[in-house]
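Peer 1: how would this look folded up:
(2 chains)
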There are 2 protein chains.
Amino acid sequence: MSLLVETNVETQAKEAKKAAKVVSLLSTEEKNSILLHIANTLESNVSHILEANNKDLDKGREKGYTEAYMDRLALSEDRIADFANGLREVAELEDPVGDILSDWTLENGLQVEKVRVPLGVIGMIYEARPNVTVDATGLALKSGNAIVLKGGSSAINSNQAIVDVIHKALKTTLIPAEAVQFIASTDRKATQELFTMKDHIDVLIPRGGASLINAVVENATVPVLETGVGNCHLYVDKDADVEKALSIVVNAKTDRPAVCNAAETLIVHEAWFHANKEALINMFKENGITVHGDDTVVETIPGAVKAGEEDWTNEYLSMDIAVKVVSDIDEAIDHIDEYGTKHSEAIITENKETASKFMKLVDAAAVYHNASTRFTDGGALGFGAEIGISTQKLHARGPMGLPALTTVKFQMTGNGQIR
Amino acid sequence: MSLLVETNVETQAKEAKKAAKVVSLLSTEEKNSILLHIANTLESNVSHILEANNKDLDKGREKGYTEAYMDRLALSEDRIADFANGLREVAELEDPVGDILSDWTLENGLQVEKVRVPLGVIGMIYEARPNVTVDATGLALKSGNAIVLKGGSSAINSNQAIVDVIHKALKTTLIPAEAVQFIASTDRKATQELFTMKDHIDVLIPRGGASLINAVVENATVPVLETGVGNCHLYVDKDADVEKALSIVVNAKTDRPAVCNAAETLIVHEAWFHANKEALINMFKENGITVHGDDTVVETIPGAVKAGEEDWTNEYLSMDIAVKVVSDIDEAIDHIDEYGTKHSEAIITENKETASKFMKLVDAAAVYHNASTRFTDGGALGFGAEIGISTQKLHARGPMGLPALTTVKFQMTGNGQIR
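Peer 2: Now for the predicted structure:
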């Protein structure tokens, strides 16, 4: 059933570029009905996908992957139904393509329209979760783009089977199967080849751990949309409300510790820290949070271990937290400037002026006053499905929905105007 | 008078980052009055700048630079007055910083504001023209940013003198002189160091020839705003009006041949070509245009020389033009797909359907129907001063004004919201 048995990154990228023009011309209705058709085809081909998934799970068990990793890899009829429903939700989203962002006429009569158009070809480089194969394809097609998918080797059979089904679905539609390319290779060289396909791929989006993202950012000449690494901080100010502070720390740290908008470091004003140390100690204990901290923290909180440079720098993505005590807000902001990844940063305080200073001076996609960092998420903010959370400043910042997969074009209509 | 005698790229980038926070907090009125003060200070320090410029001109004569190059390098009282007036115009522009692009409240009461904020530190790498030193500084400061300037070695004395005057002006203002950094080095290493200052510089903007721009794109890990290379095409369709076609070719090619929105290749439908060859021959002759062409062109147009791969690929930036005869619009679009730089592409035709096909399928920042490509310009389009013309698809496309020097931030205000 596989359309593409051999892997040739350049050929596939070229095919995607050609197919992208076809996708770019489709109407919203045409694209939506194709997404619904893919959704139905996924549901009616569950056994093909689960069979392939079993191969990946077998390999994973052989390799001794962690339980959490195996869970991310495992598919089921329910999970595939979720994929299909995800596509149905994307079909419901507003289509940004063709939006006229502004239009005006010059004095000489030249008409100018600034129109939203698809980017062209999206290159998606991702790790374990096979759901990205479906989600990214849906978002790319809905926004009028073609996509080149390079998933992680541990999920290669599952991803290939999902793409097989997508290709099967596309056969009876206006979108050529070439618009969805799957790089069926576990060779690192294939990924590196994608880095330099500047003539055929318009943007690379890495989704995964910090090392994957850094490899793409450092080596790609194709423009990159950097996503996801969130070394998020909570700053509990001297004027913080105790109840709000504790509940926000618990939520931001423990609700889903493995996601990028979870908190990794807690910065506490010294006055508040000493006044509320019993409450803090109980909160950490009751929630099973392991504390790494500076000297003051280690002296005060039983069981806390001394934090080193790597504790301030890296995401734990677990029930661990780094805790630092500071003498004022400036010290907190300086720490965030040095170690933050410009994702999500929160202050807890009842003092509006202090909050305003924090919101203005902290450089991040999202800054919060008295709320959990967990809201930096396309779903939570009402954007619908997202292709990732941008931690860069150019093009798109924060949760990226369909508009992040488009660019603009100036369309000028004249009657012989010269300058 | 020079504030920065020694060059240390990393130290300067760090200083710029620190100063950027100060600039980011200023009001529009504060920034405008500082720009006007710099303008006045430039005008009252003309002799200091002209003295330095003479050193560059002397060196240029020694090195035997072309007349055109020397003209771009040369300053005068009038040109410095133009720089000052440029700053006064930037002061008049709307300040994008602080604009609330959207705001809404989640069901749980969390207030979300998407606000425009400065990018932080702009790195500007440019060639001969010293006016970029003033223009880029003005646009960066007006949009709340700091700037690190790395100009070409041939203008180093002029650029240093201009920055000296800017620093002198800033001394009595709220903007620290450190917000405008000048890399006073002719060593290529200094430029390369800028490429990797990802922690301190938010974006690099190269302005100059294709080789400079490619060097930055290929080597920088700092995000790049690619500007300026314009291998622009005019396609004269079989249904083109003769008078419009000829006047657009003359204007797009000869009005200012050295700029990026000038036409470099003329693609002509064979039917139109043969019907209007006499008019074409006269037009080229009367306007002193040298023709490079395919076999049909060489056979038809007296004096035309055979075009090779480099004629289709490179910008002439001179009174030369490459001419290709095609049998239909698809061949024209394929040629543009292969050789275009996604800057500005025009079709001349009286057939609206053909025009619409061209506008939809050609992938460029600006596509034109029956008008000269020369309108891809911030001034001509009414945006005011521009920092460059983006030929990339991410972040900004086409002429880049102040908004291209900003990003967004999600500001979330809550009352203890958790997820």
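Peer 1: what's in contact with stretch A:306-313?
Peer 2: A:231, A:265, A:292-295, A:297-298, A:322-324, A:335, A:338-339 (CB atoms under 8 Å, 6 or more residues apart in numbering or on different chains). Every residue, glycine included, has its C-beta placed from N, CA and C.
Peer 1: could I get that stretch in CSV with only the CA atoms?
Peer 2: Coordinates of each C-alpha in stretch A:306-313 appear next as CSV, following Å, rounded to 0.1, in the frame of the first residue of the first chain:
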residue,chain,number,x,y,z
LYS,A,306,21.8,21.5,46.4
ALA,A,307,21.0,22.8,42.9
GLY,A,308,23.8,23.1,40.3
GLU,A,309,24.0,25.0,37.0
GLU,A,310,22.1,22.2,35.2
ASP,A,311,19.2,22.6,37.6
TRP,A,312,18.7,26.2,36.6
THR,A,313,19.4,25.5,32.9
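Peer 1: Quickly check: the top strand by length along chain A near chain B or not.
Peer 2: Ranked by residue count under DSSP state E, the longest strand found in chain A is strand A:406-417. Yes. Residues of strand A:406-417 are located near chain B by CB under 8 Å from any CB of the partner chain, namely A:407-417.
Peer 1: Show me what that strand is packed against.
Peer 2: strand A:111-118, helix B:242-254, strand B:366-371 (3 or more CB pairs under 8 Å, 6 or more residues apart in numbering or on different chains; DSSP states H and E).
Peer 1: and with 10 Å instead?
Peer 2: The helices and strands touching strand A:406-417, judged by 3 or more CB pairs under 10 Å, 6 or more residues apart in numbering or on different chains; DSSP states H and E, are strand A:100-105, strand A:111-118, helix B:242-254, strand B:344-348, helix B:352-361, strand B:366-371, strand B:398-400.
Peer 1: So what are the sheet partners of it and their directions?
Peer 2: The strands beside strand A:406-417 in its sheet (DSSP bridges) come out as strand A:111-118 (antiparallel), strand B:366-371 (parallel).
Peer 1: just checking, A:Val97 is part of a helix?
Peer 2: No. Counting by DSSP: H, G, I helix; E, B strand; the rest coil, A:Val97 is not part of a helix but coil.
Peer 1: any idea how far it is from chain B?
Peer 2: 11 Å (CB to the nearest CB, to the nearest Å).
Peer 1: Tell me who's in contact with the closest residue to that residue other than its chain neighbours.
Peer 2: Using CB to CB, 6 or more residues apart in numbering or on different chains and skipping residues adjacent in sequence, the residue nearest A:Val97 is A:Gly144, 4.6 Å away. For A:Gly144, the contact set (CB atoms under 10 Å, 6 or more residues apart in numbering or on different chains) comprises A:20-26, A:28, A:31, A:95-98, A:116-120, A:402, A:405-406.
Peer 1: redo that, cut-off 6 Å
Peer 2: A:Gly144 is in contact with A:23-24, A:97, A:118, counting by CB atoms under 6 Å, 6 or more residues apart in numbering or on different chains.
Peer 1: List, one by one, the residues from chain A near chain B.
Peer 2: A:110, A:119, A:202, A:218, A:221, A:223, A:244, A:247, A:251, A:255, A:359, A:366-372, A:374, A:393-395, A:397-398, A:407-408, A:410-419 (CB under 6 Å from any CB of the partner chain).
Peer 1: Can I have the buried ones of those as a ChimeraX selection?
Peer 2: Buried residues among these (16 or more other CB atoms under 10 Å in any protein chain shown), as a ChimeraX selection:
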select /A:110,119,202,221,223,244,247,251,359,366,367,368,369,370,371,372,374,393,394,395,397,398,407,408,410,411,412,413,414,416,417,418,419
